[in-house]
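Chemist: Got a predicted model here, sequence first, then my questions.
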Amino acid sequence: MRILLVEDSNIVVRLLRHMLTQLHDCTVDVAPNLAEARELLEQNTYFAAVTDLNLPDAPNGESVELVLGHGTPCIVLTGSLDAKQRKKLLHMGIVDYVYKENRFSYEYVVKLIGTLERNRNTKVLIADDSLVSRRFVRNLLELHLFEVLEAEDGLKALEVLQRVPGIRLLIADYNMPGIDGFELILRVREKYAREDMAIIGLSNDTDETLTARFIKNGANDFLQKPFVHEEFHCRVSNTLESLEMIRKLWEQANLDYLTGVHTRRYFFDKLNPSLQTFVKQGTCLSIAMMDIDFFKRVNDTHGHDIGDEVLKEFARRMHEAFGQHFTLARLGGEEFVVAMKGLDKQKAQSLMEGFRANVEAIPFQFGELSLMLTVSIGVAELGNETLDSLMKRADMALYEAKSQGRNQTRVAP
Ligand SMILES: Nc1nc2c(ncn2[C@@H]2O[C@H](COP(=O)(O)OP(=O)(O)OP(=O)(O)O)[C@@H](O)[C@H]2O)c(=O)[nH]1
């Protein structure tokens, strides 16, 4: 990304350039005056500009008009704390007005650029029956480069969520025809967990209990209308930051750090609650445990790093073969598992045999190094039992495959 610094102080330029290039993958161009800023803006397209208000040839913030006139997001970084001017500039559509106070001001600007970059790929849905209010919120969000979608009531919002994947934030008004904000949030939370989507409630109702009710119903935050510009951005930004943190914690617990497939914990958490229902309703489920043969030799002969690459490639092949329809996980070491809902043991065996034959036939290629590997597999079909017992039976079938010469699929009786 390319950033323009419109700034005549060498110290500020050196500091910001250093901080920006340390934190972001970006090119920084510098214009020490309005004339050079004009030239650079004509020659290049900028992701954003950080501009001072007081330049030798433009002492009254003319640089802001120039930057905004080129459709470039503009962050004002200034030594003058003028409330009236600040209000006027925010009204003109700048991203933010930052007072050069101390080093935190520079850190804030650098972080803000990172936030804008993240926002570019963040979809936000506004559910509000008032067109004026929707437009107002849309404008605020677009200033911060969000991808914005709109729905004029709760049911339409549910439709948009169904149709458009990857919406990260829902901003829901309380008073809407059909289903109101509470009902919408309750329905959304049935499908989307807190690590998948954040929700901010909105209302111009003066009822003091609304905030708590919104949050108890599953919203992450609440804003009373009318709200000021900056408060809105701070709330949105904090909400999305906490969504990212929750997501990271979730990933640490549920995704294997090396291969990216699910962990044992995820596998048990996902399967355990539904298993007794499967047993009662007679739903077919088979599981397959698989273990790469003589994997220790790979480590001993080619080193641990190549061992890691083999595990990653093996997981990738598993994901390609089963990821779309079934639940798979790395149980630990070189041992993996697939749960196949809807498949009896014969069908599961035939699917696994296809995978096993494929592993045997296609070498694991790492640059010049080509490794021929095999896998042993144990399959078991769910009977009237617990997940532990089912796993034990699949493990015994796997043990049999190993002891009978490896590179084969065995099925538990
Ligand atoms: N590179 C790498 N190796 C691992 C990892 N986790 C476990 N291992 C190694 O995997 C190997 C497993 O070896 P064994 O359990 O003896 O089994 P094996 O050599 O595959 O032999 P069989 O299963 O009997 O065919 C050990 O050497 C572990 O150190 C990992 O994350 N990365």
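Modeler: It's in.
Chemist: Every contact and neighbour count from this point should use C-alpha atoms.
Modeler: Will do.
Chemist: those strands in the stretch 1-150 of the chain, which residues are they?
Modeler: Ranges of strands in the stretch 1-150 of the chain, per DSSP state E, counting those that start in this stretch, are 2-6, 27-31, 48-51, 74-78, 96-99, 123-127, 147-151.
Chemist: List the buried residues in the third one.
Modeler: Translated: strand 48-51. In terms of neighbour count (16 or more other CA atoms under 10 Å), strand 48-51 has its buried residues at 48-51.
Chemist: Closest one of those residues to the ligand?
Modeler: If you rank the buried residues of strand 48-51 by distance to the ligand using CA to the nearest ligand atom, residue 48 comes first, at 42.3 Å.
Chemist: what residues does the lowest-mean-pLDDT helix or strand in the chain touch?
Modeler: Confidence across the helices and strands of the chain bottoms out at helix 210-216, with a mean of 87, counting by mean pLDDT, DSSP states H and E. Helix 210-216 is contacted from outside by 182, 201, 221-223, using CA atoms under 8 Å, 6 or more residues apart in numbering.
Chemist: Output it as CSV, nothing but the C-alphas.
Modeler: Coordinates of each C-alpha in helix 210-216 appear next as CSV, following Å, rounded to 0.1, in the frame of the first residue of the first chain:
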residue,chain,number,x,y,z
LEU,A,210,-32.1,-0.9,26.6
THR,A,211,-28.3,-1.1,26.8
ALA,A,212,-28.3,-4.0,29.3
ARG,A,213,-31.1,-5.8,27.4
PHE,A,214,-29.3,-5.6,24.1
ILE,A,215,-26.1,-6.9,25.6
LYS,A,216,-27.9,-9.7,27.5
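Chemist: what does the protein put close to the ligand?
Modeler: 292-297, 299, 304-305, 307-308, 333-334 (CA under 6 Å from any ligand atom).
Chemist: Those residues, buried ones only, as a ChimeraX selection?
Modeler: Applying 16+ other CA under 10 Å to those, the buried members can be selected in ChimeraX as follows:
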select :292,293,295,307,308,334
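Chemist: Tell me which two of the residues of the chain next to the ligand sit farthest apart.
Modeler: Using CA to CA, the residues of the chain next to the ligand span at most 17.5 Å, a distance reached by 293 and 305.
Chemist: Can you list the strands that the helix or strand following the least confident helix or strand of the chain pairs with?
Modeler: Going down the chain from helix 210-216, the next helix or strand is strand 221-224, by DSSP states H and E. In the sheet, strand 221-224 lines up against strand 198-203 (parallel) (DSSP bridges).
Chemist: pLDDT at residue 301, what is it?
Modeler: In this model, residue 301 is scored at 96, pLDDT.
Chemist: quick one: it is in a helix?
Modeler: Yes: applying DSSP: H, G, I helix; E, B strand; the rest coil, one finds residue 301 inside a helix.
Chemist: Report the buried residues of stretch 113-133.
Modeler: Neighbour-count burial for stretch 113-133 [16+ other CA under 10 Å]: 113, 115-117, 119, 122-129, 133.
Chemist: do stretch 176-196 as well
Modeler: Residues 176, 179-182, 184-189, 194-196 are the ones in stretch 176-196 that count as buried (16+ other CA under 10 Å).
Chemist: Need those residues in CSV (columns: secondary structure).
Modeler: Output for the buried residues of stretch 176-196, formatted as CSV (three-state DSSP):
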residue, secondary structure
176, coil
179, coil
180, coil
181, helix
182, helix
184, helix
185, helix
186, helix
187, helix
188, helix
189, helix
194, coil
195, coil
196, coil
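Chemist: which among those gets closest to residue 40?
Modeler: Ranked by distance to residue 40 (CA to CA), the buried residues of stretch 176-196 are led by residue 196 at 40.5 Å.
Chemist: Could you dump the buried residues of stretch 113-133 into TSV and include pLDDT?
Modeler: Shown next, in TSV, are those (pLDDT from 0 to 100):
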residue	pLDDT
113	94
115	92
116	94
117	93
119	94
122	95
123	97
124	97
125	97
126	97
127	96
128	95
129	93
133	92
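Chemist: ok, of the residues you listed, which one's closest to residue 93?
Modeler: Of all the buried residues of stretch 113-133, residue 93 sits closest to residue 116, with 14.6 Å by CA to CA.
Chemist: which ones are touching the closest one?
Modeler: Going by CA under 8 Å, 6+ apart, residue 116 touches 144-145.
Chemist: Then the one 10 residues further on?
Modeler: Under the criterion of CA under 8 Å, 6+ apart, the contact list for residue 126 reads 134, 137-138, 148-151, 157, 170-172.
Chemist: Residue 337 now?
Modeler: Neighbour list for residue 337: 287-290, 328-331 [criterion: CA under 8 Å, 6+ apart].
Chemist: Show me what it bridges to in the sheet.
Modeler: Counting by DSSP bridges, the residues bridging with residue 337 are residue 289, residue 329.
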